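In: compute the structure for the input listed below.
(one chain, ligands or ions: 1)
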Amino acid sequence: MIVEYIRYRIDEPRRAAFEAAYARAAQPLARAEQCLDYELTACAEQPGDYVLRIRWTSTEDHLRGFREGPEFRAFFTEIEPYVGAVEEMRHYAPTQVAGRGGAHPTLYEWAGGAEALERLFTRFYEHVDQDPLLAPLFADKHPEHAQHVAAWLGEVFGGPQVYSAEHGGHRHMAGQHLGRGIGEQQRRRWVNLLLDTADEVGLPADPEFRAVLAYYLEWGTRMAVLYAGPTPPPLPDAPMPRWDWGLTPPYRG
Ligand code: HEM
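Out: Below you'll find the predicted structure:
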């Protein structure tokens, strides 16, 4: 994902037409598969300064996919009269620093931090070792596998960047699943067992946290199956995934 910022300075007489043109241009933008979302904001302190933020799937997708694709003509026709008023038009990569505001704790903090996640995965892999469907897959696992997976989830849930600093990050993790031939039954057992273990070790059971945990586990295990399968996707060069509260901010009683 990449964020494009376009800054405009628009003279007073043209502002209403500019905003109307963008309202029309937003329609082809919304239809473009490369566009994740967009927002046009007007400066409160300096009337006439505008910032358009567009999240694209990638810079390449924007510059080739969108600009050479079917929606570009209708988009550009609307905004072309304002090209001369552009003051900046550049792409910015996301960093690990991102929040939702509202003083929300991270999922990592809410879960109970490193200690709670290590407790979860230590107990989980004890169960895995006894499970006829899963044990063979993990027979030769690294002696600190549970701690590594706890570090992974901690970072994904907004905790310290231990997995990317010490264990090889996203690419290494995905690569660990290559060629393992994980089946759907094994995937489902992995999820069920982890959720049961979350109950057993007393991870927070509130609906908001558990909804995000289940959302992440569905995504993560299905990705593991894809990497483990006969035609895995390319290993990601992307930063670690980052999960957040999404549509269900923490329950405040
Ligand atoms: C959300 C889902 C998953 C997460 C977060 C996850 C996480 C990880 C991580 C972080 C590693 C690398 C550990 C290291 O750096 O040493 C790993 C390896 C591995 N994973 Fe997963 N995994 C997931 C799903 C699955 C599933 C569904 C299976 C099989 C049913 C599986 C089987 C394995 C195996 C066999 C390894 C190699 C273990 C070793 O040799 O040490 N994973 N996983």
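In: is it true that residue 109 lies in a strand?
Out: No: secondary structure of residue 109 (DSSP: H, G, I helix; E, B strand; the rest coil): helix, not part of a strand.
In: and after the one helix or strand residue 40 maps to, which helix or strand comes next?
Out: Per DSSP states H and E: residue 40 is located in strand 35-42. Counting by DSSP H and E, the element after strand 35-42 in chain order, helix or strand, is strand 49-56.
In: which ones are touching residue 246?
Out: 212, 215 (Cβ atoms under 8 Å, 6 or more residues apart in numbering). In this view, the C-beta of every residue, glycine as well, is placed from N, C-alpha and C.
In: do you know how far it is from residue 208?
Out: According to Cβ to Cβ, to the nearest Å, residue 246 and residue 208 sit 9 Å apart.
In: check residue 101 and give its pLDDT.
Out: What the model reports as pLDDT for residue 101 is 67.
In: nope, residue 104 is what I meant
Out: Here the pLDDT value assigned to residue 104 is 83.
In: go on, residue 111?
Out: Note on residue 111: pLDDT of 98.
In: unless I'm mixing things up, it is touching residue 156, no?
Out: No: contact criterion Cβ atoms under 8 Å: residue 111 and residue 156 do not qualify, at 11.0 Å.
In: what about those two, which has more around it?
Out: residue 111 (24 against 20; other Cβ atoms under 10 Å).
In: can you show me the helices along the stretch 51-200 of the chain?
Out: With DSSP state H, counting those that start in this stretch as the criterion, the stretch 51-200 of the chain has helices at 59-60, 72-79, 107-111, 113-130, 145-156, 162-166, 169-175, 184-200.
In: and the ones you listed as CSV, adding distance to the ligand?
Out: As requested, those are arranged in CSV below (distance: least, Cβ to the nearest ligand atom, whole Å):
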stretch, distance to the ligand
helix 59-60, 28
helix 72-79, 37
helix 107-111, 13
helix 113-130, 8
helix 145-156, 4
helix 162-166, 7
helix 169-175, 4
helix 184-200, 4
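In: and those: which comes nearest residue 29?
Out: helix 72-79 (5.7 Å; Cβ to Cβ).
In: quickly list the domain ranges of the protein.
Out: For the chain, automatic domain parsing gives the domain ranges 2-92, 107-228.
In: ranking those domains by burial, who's on top?
Out: domain 107-228 (a mean of 17; mean count of other Cβ atoms under 10 Å).
In: measure that domain end to end?
Out: 27 Å (Cα to Cα, to the nearest Å).
In: likewise for stretch 8-24?
Out: 17 Å.
In: distance of the closest residue to the ligand within the stretch 151-253 of the chain relative to residue 33?
Out: Nearest residue of the stretch 151-253 of the chain to the ligand: residue 220, at 2.3 Å (Cβ to the nearest ligand atom). With distances taken as Cβ to Cβ, residue 220 is found 24 Å from residue 33.
In: what of residue 118?
Out: According to Cβ to Cβ, residue 118 and residue 33 sit 40 Å apart.
In: same question for residue 143.
Out: 44 Å.
In: residue ranges in the stretch 151-253 of the chain under the pLDDT threshold?
Out: Along the stretch 151-253 of the chain, the model assigns pLDDT under 70 to residues 252-253.
In: in what helix or strand does the spatially closest residue to residue 71 that is not a sequence neighbour lie?
Out: Nearest residue to residue 71, sequence neighbours excluded (Cβ to Cβ, 6 or more residues apart in numbering): residue 28, at 3.9 Å. Assigned by DSSP H and E, residue 28 falls within helix 15-31.
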